[in-house]
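K.L.:
Structural data only, the sequence is not supplied:
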């Protein structure tokens, strides 16, 4: 029996025409509308093929072997070598049956590191996690790694273009941590870095967040680094919405600052 003939022997249109029709309508909506939400860019068909593959059937909780982080693409794709190691020693995942998922995730991490690498910072110096499904859980992962409940964080106010995870009281970041918000100058419509520094020195946050959801100006990463150093804070660069432009060199990279 073919793998694609397991359990359901018909396509979606035959099994659930209502859902299939709704998907077709959504496809048409995306084709007809101008969508100005950065996190809703159109994914290529090849990406959708990968996301809808048999990889969705496995439970790859945990991470591949740490040593795979420092391999180049050719070494990662030497899967026969990795299979031999896996069969002898296993890995850090919670379940077996992830030998190919290990290679694919390691490949994704390496390609991401190489995409963001600069002349000053090599791919080997960039630690990549490709498991968060969006910017929100990625931000929360950083916060929970660096902070204790009740610690002070500082980010751009939501109504000025910040993100929910930058300390909004309707988000866990604003409920778990003491959030202080900086704002956009209403006269210049720019960030006032002197005011941000004064606020940081007053509240001494443990984490300062730069990078935004709906404020179009580029952050001055060097200035934020100076402010964070003066306040004794970590600096988190949230570039979820501009990551592609950073890779393309059209937006300043936060690497080396945050």
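P.N.:
Sure, I can see it. All figures in this text were calculated on a predicted structure; none of them were measured in a lab.
K.L.:
From now on I want contacts and neighbour counts done on CA atoms only, so please keep to that.
P.N.:
OK.
K.L.:
contacting residues for the residue most central in space within the chain?
P.N.:
The centroid of the chain falls nearest to residue 135 when counting by Cα atoms, centre = their mean (4.5 Å). Applying Cα atoms under 8 Å, 6 or more residues apart in numbering to residue 135 gives the contacts 238, 240.
K.L.:
Could you do the one 5 residues further on as well?
P.N.:
For residue 140, the contact set (Cα under 8 Å, 6+ apart) comprises 165, 173.
K.L.:
Show the model's pLDDT score for it.
P.N.:
Looking at residue 140, its pLDDT is 95.
K.L.:
re the thing from before, roughly how far apart are the residue nearest to the centre of the chain and residue 238?
P.N.:
Distance of residue 135 to residue 238, computed by Cα to Cα, to the nearest Å: 8 Å.
K.L.:
got it, and residue 93?
P.N.:
To residue 238, residue 93 is 28 Å away according to Cα to Cα.
K.L.:
Please apply the same query to residue 100.
P.N.:
Computed with Cα to Cα, the distance linking residue 100 and residue 238 is 31 Å.
K.L.:
More neighbours: which of the two?
P.N.:
Remark: of residue 100 and residue 238, residue 238 carries more neighbours, 23 against 14, as counted by other Cα atoms under 10 Å.
K.L.:
right, and that one touches residue 219 too?
P.N.:
No: Residue 238 lies out of contact with residue 219 (Cα atoms under 8 Å); the separation is 10.4 Å.
K.L.:
mind listing what's buried in stretch 235-250?
P.N.:
Residues of stretch 235-250 classed as buried by neighbour count (16 or more other Cα atoms under 10 Å): 235-243, 246-247.
K.L.:
try stretch 85-104
P.N.:
Going by neighbour count (16+ other Cα under 10 Å), the buried part of stretch 85-104 is 86, 90-91, 93, 98-99, 101-104.
K.L.:
where does the stretch 51-200 of the chain have low pLDDT?
P.N.:
Within the stretch 51-200 of the chain, no stretch falls below the threshold (pLDDT under 70).
K.L.:
so how far is the helix or strand hosting residue 228 from its chain's centroid?
P.N.:
If you go by DSSP states H and E, residue 228 is part of helix 221-231. Relative to its parent chain, helix 221-231 has a centroid offset of 23 Å by Cα atoms, centre = their mean, to the nearest Å.
K.L.:
can you check stretch 162-180 too?
P.N.:
Mean-position distance between stretch 162-180 and its chain equals 18 Å (Cα atoms, centre = their mean).
K.L.:
Quick one: residues in contact with that stretch.
P.N.:
Applying Cα under 8 Å, 6+ apart, the external contacts of stretch 162-180 come out as 136, 139-140, 148-158, 181, 203, 209, 211-215.
K.L.:
Please repeat the previous calculation with a cut-off of 10 Å.
P.N.:
Outside stretch 162-180, the residues that touch it by Cα atoms under 10 Å, 6 or more residues apart in numbering are 135-140, 143-144, 147-159, 181-183, 199-200, 203-205, 207-215, 238.
K.L.:
Sounds good, over and out.
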